[in-house]
Every structure is written in C-alpha cells, then in structure tokens.
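> need a structure here:
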Amino acid sequence: MPTEQDSTTPPATKEEPTSEFLIGSVEDNELWLDTCPSARTLIAYSFTHAAWLLCALPCKRWGCRWCGPKKIRGLAFKVERAEPNKLITLTVNPKAYLEPRAAYDHTRRKLADLAKVIRKTRGPFEYMRVLEITKKGWPHYHLVARSGYIPQAMISDTWASMTGAPIVDIRQIRKCDKVYAYVIKYLSKQQYIPWTNRRVSWTKHFFKEEIKDPETKWKLINKTRHLEHPAAVAACIMDGRVLTRITPTAFEIEDHYNDTIGKLYISEAGKLNSWLDRSRRAR
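Here you go, the predicted model:
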C-alpha cells in the first residue's frame, strides 16, 4: 500500500556531471566524453602528466556537429588576430556556365590571378576566402583581406574580365568593427555543397605566426591508435578506472588499485586489442 511522502524530505535532484567519472557502458561514455561522434582514439603515456592518457582524435570536418562549431570559433579568433581591413564579395555570372560546379571550378582558380594583379598594382594583398552558395546553388566568395587602398572599380573591372561577373562589393573594416562576428556569420551560414568540401582557404602570409610555448607541448610515448570511438575503447579498459578530463579531447587514466598504471596497461594491451577485434568481427 503506497505511503505518503514526508513533506519535510527535499525532492531528489539530478546530479550534475563532473569532469571525473568512472568508465561505464559505451552509451554512458558517449554522454560523458562529449566528443566528436566520428572520433578515433589515441592511448599514450605522457611524461608531462606522468600518466597514461586517452585522447580523442576528432574528424575535423566542417559538417560535423561537434567539430564544425569548434573550427568556426577557432578560425574566427585567428582571423581577428590577423587584423584584416577589408571585406570583399566576388560574385559569379550564372549565364556564363552550365551548372554551379563548372562556375566554381573556373572562378576559384581566378582568385589567385586576381590577387596577382592587385599585388602588382597595389602592393601586398593577403586574404582568407570563404565559399558560400546562393539559394539557387551558385557559388560566390567572401574575402577577408588585409591590404592598402584598392579602388572598387579596379577590382570590378579585373574580376569581370576574368569571369564575366562585374558585381563586386568592397567594404572597409574599421577598428571598432568586430571581425570575429563577421567571420562567425559567414562560416555559420554554410550549407551542404555536393561538389566540394573546401569551404575556406587563405594565402600563405594572411595569418600571423603563432607563438608556441615549447614547455606546453606534451611528450608522449608508447602511442597506440584505435579506429574505434573513445567511448568504445574506454568501455573495455576495465572497471575500477577513472578518467579525468584535462582538455576537451584528452583524459587522464587513473587507477585506484595499482601503483604502476604503465605495467597494468601493458599487461592488458593484448586484452584491449582482442576485445576490439571481436567487436569488429561482430559488426
């Protein structure tokens, strides 16, 4: 017979996930790891952390729901640091081509020729190109550029002579403008394009050289790569292990029952590979 709940007892609340968790089922791991659904796995020993690491190797594709937004934010940050001062839009004349693919194949090669003309007459010209398509599927290009003064008529006439499309828009980027927001806007509008996966490209000297601290580079040894997703690999490493997130894609493997995690992993490497082989054959 059901009993009434004590009104003084606080209702149960759902526990919030933490950065440290026990390895469980594959389904639980996919939730906790929160990484690229197409990721592969790297297991290695890190001298920097004095521990074994399980690292997710993301697919890094623009169309990936996990990798795409991260690539957009990272690229937008790099573009802002490059300090561009112009936004240039180059169009395509649909009447000059039989299909969008033909227009793209022809005009994308003309971008380098346009840059050569600008450099010859106006000095240094560095840019990042973002491909976008119209509602009817025709390509056009947004250039986030860094250069001196360029007359709009000069770019329009040159582009028209190369592609037959005279419509060119050029705008100045002021210091108060948020370049990060511009790039996020262009990249977030990306749609599926059946004839290319290369949405973005840039010239050699557009981005400023990044300063990398050699002390932050991890020293990894005994690296093994697995085609399986990190969630599947984590599920078969054994119970009793704890994963601690140290970066969005790397986890430190801890063990509360063994002092030497390296000896334990090496002794079970065969078991892990055997489990993965059985998993592949079962598919």
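
> which residues of the protein fall in strands?
Assignment of strands within the chain using DSSP state E yields the ranges 20-22, 40-46, 51-57, 86-90, 125-133, 139-147, 168-172, 200-202, 220-226, 241-247, 250-255.

> got those as JSON lines, with mean neighbour count columns?
Every C-beta, even on glycine, is put in place using the N, C-alpha and C of the backbone. JSON lines is the format used below for the strands of the chain (neighbours: other Cβ atoms under 10 Å):
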{"stretch": "strand 20-22", "mean neighbour count": "14"}
{"stretch": "strand 40-46", "mean neighbour count": "19"}
{"stretch": "strand 51-57", "mean neighbour count": "21"}
{"stretch": "strand 86-90", "mean neighbour count": "20"}
{"stretch": "strand 125-133", "mean neighbour count": "21"}
{"stretch": "strand 139-147", "mean neighbour count": "22"}
{"stretch": "strand 168-172", "mean neighbour count": "14"}
{"stretch": "strand 200-202", "mean neighbour count": "17"}
{"stretch": "strand 220-226", "mean neighbour count": "13"}
{"stretch": "strand 241-247", "mean neighbour count": "17"}
{"stretch": "strand 250-255", "mean neighbour count": "20"}
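
> Excluding chain neighbours, what is closest to R65?
P37 (7.4 Å; Cβ to Cβ, 6 or more residues apart in numbering).

> burial measure for the one you found, as a count.
P37 is flanked by 13 other residues according to other Cβ atoms under 10 Å.

> Mind pulling up the pLDDT for it?
On pLDDT, P37 comes in at 86.

> quick one: the residue nearest the centre of the chain and T196, what's the gap?
The centroid of the chain falls nearest to K71 when counting by Cα atoms, centre = their mean (3.0 Å). To T196, K71 is 16 Å away according to Cβ to Cβ, to the nearest Å.

> Low-confidence bits of the stretch 1-150 of the chain, can you list those?
Scanning the stretch 1-150 of the chain for pLDDT under 70 picks out the ranges 1-33.

> What are the boundaries of the helices in it?
26-33, 67-82, 100-122 (DSSP state H, counting those that start in this stretch).

> List of residues touching the longest one?
In this case it means helix 100-122. 90, 92, 94, 96-97, 125, 127, 129, 131, 133, 137-139, 141, 147-150, 154-155, 158-159, 162-163, 165, 195-196, 203 (Cβ atoms under 8 Å, 6 or more residues apart in numbering).

> can you check the second one too?
Helix 67-82 is touched from outside by 36, 58-62, 126, 128, 144, 146, 178-180, 183-184, 187-188, 190, 200, 206-208, with contacts defined as Cβ under 8 Å, 6+ apart.

> picking up where we left off before, for the helices of the stretch 1-150 of the chain, please prepare TSV with the additional fields distance to I253.
Output for the helices of the stretch 1-150 of the chain, formatted as TSV (distance: least, Cβ to Cβ, whole Å):
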stretch	distance to I253
helix 26-33	13
helix 67-82	24
helix 100-122	45
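
> Of all those helices, which one is nearest P230?
Of all those, helix 26-33 sits nearest to P230, with 5.5 Å by Cβ to Cβ.

> With that, I have no additional questions.
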